[in-house]
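A.B. asks: show me how the following folds:
(chains A and B)
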Number of protein chains: 2
Amino acid sequence: MSKQLPVLESPTAGSCCAPIAEEALDAVQAAPLAQQFKALGDPIRLRLLSRITAAPGGEICVCDLTGGDFQVTPPTISHHLKILREAGLITGERRGTWVYYRPVTDVLKGLSGILAGQ
Amino acid sequence: MSKQLPVLESPTAGSCCAPIAEEALDAVQAAPLAQQFKALGDPIRLRLLSRITAAPGGEICVCDLTGGDFQVTPPTISHHLKILREAGLITGERRGTWVYYRPVTDVLKGLSGILAGQ
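C.D. replies: Predicted coordinates for the structure are as follows:
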């Protein structure tokens, strides 16, 4: 049995806006994007996200994210995963004992597109 | 007479790494990237950056960034511009009374590329 973890907040997808090389952002557009970039603005979160995006099969078990070379405690890992989830960058699904994480590719593509076209 | 403002710190350009869809980041790669994403993680800074990147002619006078619809004081604008400069996302050049800002396109392209390829 699987259970999709609730999305605690749901910022507008990164695909909201034209590339910033073409058009300046207004306050309404900037707020959710800033939340998403802020979620990327921590080395541990960025590494966790990259482990999730680079995972073979498109998902990774939380059991493969804790420990290893991160040198932070499992609760700290969970805290960072929650921030990534709240920013809409990843989703988590509980299956049995473990939670499995996937990237939200549309949102990541959107953020990429906003910075592209320089 | 023009004067290039000093670059206070110089993080590795965003083009350091493969897209995170292909390869996970290590701690050395993640640190400067996280600093750059953190600089983007504020609505005022994101809007300022977008005004700079979208400026006709590739640069904008600080006199066109203060006031208007930002509703923050000029010292606050200067503070945010300094953070963008320290993160290596923009450069500033003083010419006479005013400072003119340009985007560092290679770094912005690099950040875009890291999030691309999902």
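
A.B. asks: can you name the element that comes right after the helix or strand of chain A with the lowest mean pLDDT?
C.D. replies: Lowest on mean pLDDT, DSSP states H and E among the helices and strands of chain A sits strand A:2-4, with a mean of 64. Under the assignment DSSP states H and E, the closest C-terminal helix or strand after strand A:2-4 is helix A:27-40.

A.B. asks: average model confidence for that next one?
C.D. replies: Helix A:27-40 shows a mean pLDDT of 96 in the predicted model.

A.B. asks: for A:Thr91, helix, strand, or coil?
C.D. replies: For A:Thr91, the secondary-structure state derived from DSSP: H, G, I helix; E, B strand; the rest coil is strand.

A.B. asks: that one contacts A:Tyr100, doesn't it?
C.D. replies: No. Look at A:Thr91 against A:Tyr100 with CB atoms under 8 Å: they stay out of range, at 9.2 Å. For the C-beta atoms, the positions are set from N, CA and C on the backbone; glycine is no exception.

A.B. asks: higher neighbour count, these two?
C.D. replies: Per other CB atoms under 10 Å in any protein chain shown, whichever of A:Thr91 and A:Tyr100 has more neighbours is A:Tyr100, with 22 against 17.

A.B. asks: closest to the centroid, which residue in chain A?
C.D. replies: A:Leu89 (2.5 Å; CA atoms, centre = their mean).

A.B. asks: what's near enough to touch it?
C.D. replies: Contact analysis of A:Leu89 by CB atoms under 8 Å, 6 or more residues apart in numbering or on different chains lists A:Gln36, A:Ala39, A:Leu40, A:Leu49, A:Pro103, A:Val104, A:Val107, A:Leu108.
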